[in-house]
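**Student:** Next one to model:
(one chain, ligands or ions: 2)
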Amino acid sequence: MKILVIGSGGREHALVDSIAKSSRVKKIFCAPGNAGTAEKAENINIREYNIKGLLKFARENEIGLTIVGPEIPLMLGIVDEFREAGFNIFGPTKNAAKLETSKIFAKQIMTKYNVPTADYVVCKDKESGIEATKNKSFPYVIKVDGLAAGKGALIINNQQDLNDAIKEIWDDEKFGDAAQEVLVEDFLEGEELSVFAITGGKNFVILHPAQDHKRAFDGDKGPNTGGMGAYAPAPLGTYEVMENIQNMVIKPMIDGMKKEGIPYTGVLYAGLMIKDDQPFVVEFNARFGDPETQVVIPLIESDVVNLFESSARSTMSSTTFKLLHKKACCVVMASGGYPESYEKGKVIKGLENDMEDTMVFHAGTFKEENKIKTSGGRVLGVTAIADSLEGCIKKAYQRVEKINFDKKQYRNDIGAKGLNK
Ligand code: AMP
Ligand code: GLY
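**Tutor:** Ligands and ions are numbered 1, 2, ... in the order given. All right, here's what the predicted structure looks like:
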């Protein structure tokens, strides 16, 4: 079978790598891909938002299965268009993807099907926004309804934060159309966990629970980033916690979407806050997480192509699926200055220093004059697998230390939270 993977980050490199292990795969294409995906796939120069171009490519190349990495093509309805044209594609339809693309829609479904989440008020303009924050004690959260590249949740700790939020959202209109409606919601205490369920609309399987590290610096300090590292399975996701997540979040959401006539297929990413073993939904995403994918996908023992295909065709059963009983840690190597301004075009050295049970997933890289160079904020994700969490963290950092580029920046405490458990 010929497979098309859409996207260009570390997530997509990890997907390509896993797909390449399947004996069913004849050829992999990645659109647009990066220097890492080019090792096992043929990169094609079609951007992820060019749905017509991607469909034309799928037709001309007889693609048997398409896997969508990022949320933008989902929002644009790539799954609907591919299915209409008779192609198998892994991901939710445009309407189902509203669980990510509209936070208010997600809240409505959660409320209707009793899925635990923070209480909220919907505000349609500045006046109602200000009204909703009156008499509310700090901290609380203001969120724009639509997609905002991970920057749409503003934690309000004091009056200054509120003034800044009002200015950004309503005066400067920084979020554009995404902020036509806004949520004011309660602050959830607890520890965050990322859980990925793969579903064909009815049955589902749940991958190892993972923890991301969103802040730029050690000790969860500094600005929010796309994610500086991840590990799985996170000990926070005990048997009991995972049972609660399955029964209180994943199953009611998948059943609920089916009842609404909007069956959800693909991966449902639940961003959760866990407190006293109880899960609360912070947000849903309609795609895999980055960098969580770089740890949860390598921990799948089963053929991922069978898994993605059965989700795409809605023929999924929950029985034929196996996870490795191992641990994985991924350390993101970023460009100095990220997530603020940073330089590009730095030569990356040491990539050839291979180590057993480690993988280097490319994110912001490109090839020029036979050299791999940096081209983005998050440059590489270095994943290691071992029997213990301690072991995979150690191995990931050993590999990280062998890789060099000018002004490299990474956290030194990825997975430390898990060790403290
Ligand atoms: P989101 O854009 O919804 O993913 O939110 C980004 C980050 O903001 C989350 O990963 C949390 O760390 C934080 N956050 C969002 N909503 C809440 C909430 N209700 N309570 C506490 N933290 C939150
Ligand atoms: N790891 C956070 C995200 O993918 O949104």
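**Student:** Start from the N-terminal end of the stretch 51-200 of the chain and give the helices.
**Tutor:** Per DSSP state H, counting those that start in this stretch, the stretch 51-200 of the chain has helices spanning 51-60, 71-75, 78-84, 98-101, 103-112, 126-133, 159-166. These are given in chain order.
**Student:** now these in a markdown table, with distance to Lys151, mean pLDDT and mean neighbour count?
**Tutor:** Every C-beta, even on glycine, is put in place using the N, C-alpha and C of the backbone. Rendered in a markdown table, the data for the helices of the stretch 51-200 of the chain read as follows (distance: least, CB to CB, whole Å; pLDDT from 0 to 100; neighbours: other CB atoms under 10 Å):
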| stretch | distance to Lys151 | mean pLDDT | mean neighbour count |
| --- | --- | --- | --- |
| helix 51-60 | 25 | 98 | 16 |
| helix 71-75 | 14 | 97 | 23 |
| helix 78-84 | 23 | 98 | 20 |
| helix 98-101 | 14 | 97 | 23 |
| helix 103-112 | 13 | 98 | 19 |
| helix 126-133 | 18 | 93 | 16 |
| helix 159-166 | 12 | 95 | 15 |
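**Student:** Could you take these and lay them out as CSV, with extra columns for distance to Leu236?
**Tutor:** Supplementary listing: the helices of the stretch 51-200 of the chain in CSV, determined by distance: least, CB to CB, whole Å:
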stretch, distance to Leu236
helix 51-60, 37
helix 71-75, 25
helix 78-84, 32
helix 98-101, 23
helix 103-112, 21
helix 126-133, 31
helix 159-166, 28
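**Student:** Show me where this structure dips below the pLDDT cut-off.
**Tutor:** For the chain, the stretches flagged by pLDDT under 70 are 318-319.
**Student:** what sits against the most centrally placed residue in it?
**Tutor:** In the chain, the centroid-proximal residue (CA atoms, centre = their mean) is Gly289; its distance is 1.4 Å. Gly289 makes contact with 11, 194, 196, 210, 212, 227, 230, 269, according to CB atoms under 8 Å, 6 or more residues apart in numbering.
**Student:** before we move on, the earlier item: can you tell me which of the helices of the stretch 51-200 of the chain is nearest to Ser23?
**Tutor:** Ranking the helices of the stretch 51-200 of the chain by their distance to Ser23 (criterion: CB to CB) puts helix 51-60 first, at 22.1 Å.
**Student:** by contact count, what packs against that closest one?
**Tutor:** Contacts of helix 51-60 with other secondary structure elements, assessed using 3 or more CB pairs under 8 Å, 6 or more residues apart in numbering; DSSP states H and E, are made with strand 2-7, strand 27-32, helix 78-84.
**Student:** Over to stretch 133-149 now: how far is its first residue from its last?
**Tutor:** Using CA to CA, to the nearest Å, the end-to-end distance of stretch 133-149 comes to 24 Å.
**Student:** That stretch and ligand 1, are they touching?
**Tutor:** Yes. For stretch 133-149, a contact with ligand 1 is found by CB under 6 Å from any ligand atom, at 141, 143.
**Student:** got TSV for the helices and strands packed on helix 51-60, with distance to Ala106 too?
**Tutor:** Putting these into TSV (distance: least, CB to CB, whole Å) gives the following:
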stretch	distance to Ala106
strand 2-7	22
strand 27-32	28
helix 78-84	18
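**Student:** Would you format these as a markdown table with distance to ligand 1 included?
**Tutor:** Conversion of the helices and strands packed on helix 51-60 to a markdown table gives the following (distance: least, CB to the nearest ligand atom, whole Å):
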| stretch | distance to ligand 1 |
| --- | --- |
| strand 2-7 | 19 |
| strand 27-32 | 25 |
| helix 78-84 | 22 |
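**Student:** so which of those comes closest to Tyr140?
**Tutor:** For those, distance to Tyr140 was read as CB to CB. The smallest value, 33.7 Å, belongs to strand 2-7.
**Student:** and the gap between the residue nearest to the centre of the chain and Ile206?
**Tutor:** Taking CB to CB, to the nearest Å as the measure, Gly289 and Ile206 are separated by 14 Å.
**Student:** what do these two both touch?
**Tutor:** Each of Phe196 lies in contact with both Gly289 and Ile206 under the rule CB under 8 Å, 6+ apart.
**Student:** Alongside ligand 2, which residues does the protein contribute?
**Tutor:** Along the chain, the residues adjacent to ligand 2 under the rule CB under 6 Å from any ligand atom are 150, 212, 227, 285, 289-290, 292.
**Student:** same thing but at 8 Å, please
**Tutor:** Near ligand 2, the residues belonging to the chain are 11, 150, 194, 212, 214, 226-227, 230, 269, 271, 285, 287-292 when assessed by CB under 8 Å from any ligand atom.
**Student:** Surely Asp119 is in contact with Glu185?
**Tutor:** Yes. Under the contact definition of CB atoms under 8 Å, Asp119 touches Glu185, with a separation of 6.6 Å.
**Student:** Give me the more crowded residue out of those two.
**Tutor:** Higher neighbour count among Asp119 and Glu185: Glu185, with 21 against 11, using other CB atoms under 10 Å.
**Student:** Which residue is the nearest non-sequential neighbour of that one?
**Tutor:** By the measure of CB to CB, 6 or more residues apart in numbering, the closest residue to Glu185 outside its immediate chain neighbours is Tyr120, 3.9 Å from it.
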